[in-house]
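Colleague: I'll drop the sequence and a predicted model, then ask my questions.
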Amino acid sequence: VQLQASGGGLVQAGDSLRLSCLASGRALSTYAMGWFRQAPGKEREPVASISRAGATLYYIDSVKGRFTISRDNAKNTVYLQMNSLKPEDAAVYYCAAHNGVAYGDWGQGTQVTVSS
């Protein structure tokens, strides 16, 4: 599956952004999906994930209560709503599709910059 992430940008601390990940090539409903991020000089970390039907969600502790992952399988799109953004949320955000074994397909990343 091909993934295209979008929605990043430059915001101030406290602002919100919604990232989108559009899938093509195969039905998104086939995959559990995840959002990851990588800040300069740091390892890539998982941020949130959602099961194929959207029933099971996971969030890294630092974003709980602020970020919401969701999906619209009819639109082949996964979203990451990010509220109350902090400077430490700044990173390149990637979406990825889990094929049952691993996250095997990745989007190109979208930059999120948060000014204090």
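Modeller: Happy to help now that I have it.

Colleague: got a list of what the residue nearest the centre of the chain touches?
Modeller: Note on the chain: the residue nearest the mean C-alpha position is Trp35, at 3.0 Å, using C-alpha atoms, centre = their mean. Trp35 makes contacts with 19, 21, 46-49, 69, 78, 80, 93-96, as judged by C-beta atoms under 8 Å, 6 or more residues apart in numbering. No exception for glycine: its C-beta is placed from N, CA and C like everyone else's.

Colleague: which of these lies closest to Ala27?
Modeller: Val78 (12.7 Å; C-beta to C-beta).

Colleague: Quick check: the gap between the closest one and Gly107.
Modeller: In this view, Val78 and Gly107 are 10 Å apart by C-beta to C-beta, to the nearest Å.

Colleague: Overlap in contacts, the two.
Modeller: What both Val78 and Gly107 touch, as defined by C-beta under 8 Å, 6+ apart, is the set 21, 95.

Colleague: which of those two has more neighbours?
Modeller: Taking neighbours as other C-beta atoms under 10 Å, Val78 and Gly107 compare with Val78 leading, 31 against 24.
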